[in-house]
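**Q** Requesting a structural model of the entry that follows:
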Amino acid sequence: MNRKRNGRVVSLMAMSVALMSWVVHGNDLVFKSEVDHLRNMEEDIGSATKCDTTKVNISWTPRQLSPSGQVEITFSYTAPHDMNGGFMNLSLYFHGEQEPFVGYSNKFSCDDIKPYSIKCPLRKKLTFSFTKNITNLHPLTSFPGDYDAIVDIKNEKNESMLCLNFTLSIKEI
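**A** Residues are numbered from 1 along each chain as shown. I've put the predicted structure just below:
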């Protein structure tokens, strides 16, 4: 797939913030071996794998996103620890590259994530799941290509709440 990089890094950063705004800075942990594995497994494009022991499942259909289409996301999660706030780290890579082109870290509170229908404070062993249909993918028109992402979320005690490695593919239209 043709990866264009003509000045879209700033726009991609805005996209990453918009897509991950509910997942909110942590340590600068880089789960390099997992990302390298995903980069080398072309059949894994359009998937997510966990990089910690959290009980989480996430998938989306179709695996390759189209700006003219829609996507159904299925997510289930069990909180491994209590959480009243915390930190989120997000790193975005062009698929197959070693250095991220965007890094985003943010501290968050329960008030920051409540608008996203996530119960907060979270209590250890709380389980929730949802399926969400996103029908307007047109904003992805400017971002065709394949990407890798690491999302690492810690609670206020620096305990791992969620760590996921994603590979995303966006069709060019």
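
**Q** And the pLDDT at E43?
**A** At E43, the model reports a pLDDT of 59.

**Q** Where do the strands of this protein begin and end?
**A** Counting by DSSP state E, the segments of the chain that form strands are 47-50, 55-61, 64-65, 71-78, 85-94, 102-109, 127-134, 145-155, 160-170.

**Q** Not counting its neighbours along the chain, what's nearest the residue nearest the centre of the chain?
**A** Nearest to the geometric centre of the chain sits V151, at 5.1 Å (Cα atoms, centre = their mean). In this structure, V151 finds its nearest non-sequential neighbour in L164, 5.0 Å apart by Cβ to Cβ, 6 or more residues apart in numbering. To be clear about C-beta, it is placed using only N, CA and C from the backbone, and glycine gets the same treatment.

**Q** quick one: that neighbour and K50 touch, right?
**A** Yes. Assessed by Cβ atoms under 8 Å, L164 is found in contact with K50 at 5.8 Å.

**Q** So in the chain, where's the weakest helix or strand by average pLDDT?
**A** Using mean pLDDT, DSSP states H and E, the weakest-scoring helix or strand in the chain turns out to be helix 9-19, at a mean of 41.

**Q** With distance to S117 and mean pLDDT added, can I get the strands of the chain in TSV?
**A** Shown next, in TSV, are the strands of the chain (distance: least, Cβ to Cβ, whole Å; pLDDT from 0 to 100):
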stretch	distance to S117	mean pLDDT
strand 47-50	20	92
strand 55-61	16	93
strand 64-65	22	94
strand 71-78	11	94
strand 85-94	17	96
strand 102-109	15	95
strand 127-134	8	91
strand 145-155	16	96
strand 160-170	16	94
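
**Q** ok, how many other residues are close to N57?
**A** Number of residues near N57 (other Cβ atoms under 10 Å) recorded here: 12.

**Q** contacting residues around it?
**A** By Cβ atoms under 8 Å, 6 or more residues apart in numbering, the contact set of N57 is 74-77.

**Q** What of K171?
**A** Counting by Cβ under 8 Å, 6+ apart, K171 touches 64-67, 144.

**Q** Give me the neighbour count for the residue nearest to V151.
**A** 20.

**Q** Same check on T127?
**A** Neighbours of T127 (other Cβ under 10 Å): 9.

**Q** Test my guess that it contacts F75.
**A** No. The pair T127 and F75 fails to qualify as a contact (Cβ under 8 Å) at a distance of 11.4 Å.
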